[in-house]
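Enquirer: sequence plus the predicted model coming up.
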Amino acid sequence: MTSVPGLRYLPGWLNDEAALLAHIDAAPWSSELRRRVQHYGHRYDYGRRSVAGREPAPPLPDWAVVLAERLNREGLTASRADQVIVNEYLPGQGISAHVDCVPRFGPDVAAISLGSACTMDFTSLDGSAQVPVRLEPGSLCVMTGAARYEWRHAIAARRSDRTDVGRVPRGRRVSVTFRTVLCP
């Protein structure tokens, strides 16, 4: 548990990380951003902040359906996710502070971390509090309530993270994010 209300962090949630990475890497990647991505179910248009993109996204692959159903069955999401984004982060890459698009996505966002660990920083919208959360390989991070709507999350673009045991270099990290679309 963390000090961010509505944030659930579950280390070791995923058992077979290597098999999931193999499925992901067997699919084509898009290089539309500074990082490689894969969109399933609905394509998110970053410029318009909308899921109504020009190109339709492929349906959720079998591995994503199984994980979305598990998230819902375990009570971690209110409904089965119908949109998945896979992001690849190489050392030195990150993502700026943001709240997942409120008018487009439902009340929970669940993300599985694969590959390298990294630190995700959660910052309250008013900037009065910041909480670093170490995301280990195979872990699950679920944002609901305040964590979903009242806190930004970000990963600093750096090659290593400061931890309790000193500075730890980053390797390749893949994030698999599950969401439900409210209005395409």
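Expert: Happy to help now that I have it.
Enquirer: now the helix or strand residue 97 falls within: buried residues?
Expert: Using DSSP states H and E, residue 97 sits in strand 95-98. For strand 95-98, the neighbour count (16 or more other C-beta atoms under 10 Å) marks 95, 97 as buried. Placement of C-beta: from N, CA and C, glycine included.
Enquirer: now do stretch 39-46
Expert: Across stretch 39-46, burial judged by 16+ other C-beta under 10 Å covers 39-45.
Enquirer: where does pLDDT dip in this protein?
Expert: For the chain, the stretches with pLDDT under 70 are 1-2, 45-50, 52-55, 184.
Enquirer: before we move on, back to that, what pairs with the strand holding residue 97, parallel or antiparallel?
Expert: strand 151-155 (antiparallel) (DSSP bridges).
Enquirer: alpha carbons of the following helix or strand past the partner strand, as PDB, please.
Expert: Using DSSP H and E, the helix or strand that follows strand 151-155 towards the C-terminus is strand 160-163. Extracted in PDB, the C-alpha atoms of strand 160-163 (Å, rounded to 0.1, in the frame of the first residue of the first chain):
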ATOM      1  CA  SER A 160      19.100   5.300 -13.400                       C
ATOM      2  CA  ASP A 161      16.900   5.700 -10.300                       C
ATOM      3  CA  ARG A 162      17.900   6.500  -6.700                       C
ATOM      4  CA  THR A 163      16.800   3.700  -4.400                       C
END
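Enquirer: pull up the pairing partners for strand 160-163, direction included.
Expert: In the sheet, strand 160-163 lines up with strand 166-169 (antiparallel) (DSSP bridges).
Enquirer: picking that back up, from the buried residues of stretch 39-46, which single one is nearest residue 15?
Expert: Lowest distance from residue 15 to these (C-beta to C-beta) belongs to residue 40, with 21.5 Å.
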